[in-house]
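how does the following fold in three dimensions:
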Amino acid sequence: QVQLVESGGGLVQAGGSLRLSCAASGHTNSRYAMGWFRQAPGKEREFVARINWSTGSAVYADSIKGRFTISGDNAKNTVYLQMSSLKPDDTAVYYCTAAARYLGPYYYPGNYDYWGQGIQVTVSS
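Sure, this is the predicted structure:
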């Protein structure tokens, strides 16, 4: 089992920045990728970004490309999401996720094994 704990969310004005952190604990050796999804009220959970833990390669949703950056610190078992130029449409609960192995397309929530509890990000206009 892997436990994921998010931190760093909050309220920010449009155009501002936030950095989310996700600390992993437990059986972290079996970890293929870590990533972030988000879910706004009344909407489905959507993919944001993912990083391959062994290669460091990252993929991003088109909606946030160029504004968000995902990175990982292997020594701290932590993944980060640096969010800049935030927009009110970025308001959502952000979830950290981890996959122990490749299960399928990165944008599908069902292809991840572990989830954090979620953290609120609110961007005011």
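
how about residue 68, nearest residue that isn't a chain neighbour?
Closest residue to residue 68 apart from its sequence neighbours, by Cβ to Cβ, 6 or more residues apart in numbering: residue 83 at 5.0 Å. Using the backbone N, CA and C atoms, a C-beta is placed for each residue, glycine as well.

same question for residue 40.
Residue 40 sits nearest to residue 92 (Cβ to Cβ, 6+ apart), 4.2 Å away.

the residue positioned nearest the centre of the chain sits in which helix or strand?
Nearest to the geometric centre of the chain sits residue 36, at 1.9 Å (Cα atoms, centre = their mean). Here residue 36 sits within strand 33-39, counting by DSSP states H and E.

and the contacts of the following helix or strand past that strand?
Per DSSP H and E, strand 33-39 leads on to strand 46-52 as the next helix or strand towards the C-terminus. By Cβ atoms under 8 Å, 6 or more residues apart in numbering, the surrounding residues in contact with strand 46-52 are 32-39, 57-61, 64, 68-72, 79, 81, 94, 106-109.

could I have strand 46-52 exported to CSV, CA atoms only?
Extracted C-alpha coordinates of strand 46-52, given in CSV (Å, rounded to 0.1, in the frame of the first residue of the first chain):
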residue,chain,number,x,y,z
GLU,A,46,-9.9,15.2,-15.2
PHE,A,47,-6.3,14.6,-15.8
VAL,A,48,-3.8,17.4,-15.1
ALA,A,49,-0.3,16.1,-15.2
ARG,A,50,1.8,12.9,-14.7
ILE,A,51,5.5,12.2,-14.3
ASN,A,52,7.2,8.8,-15.0
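
since that was my last question, I'll sign off now.
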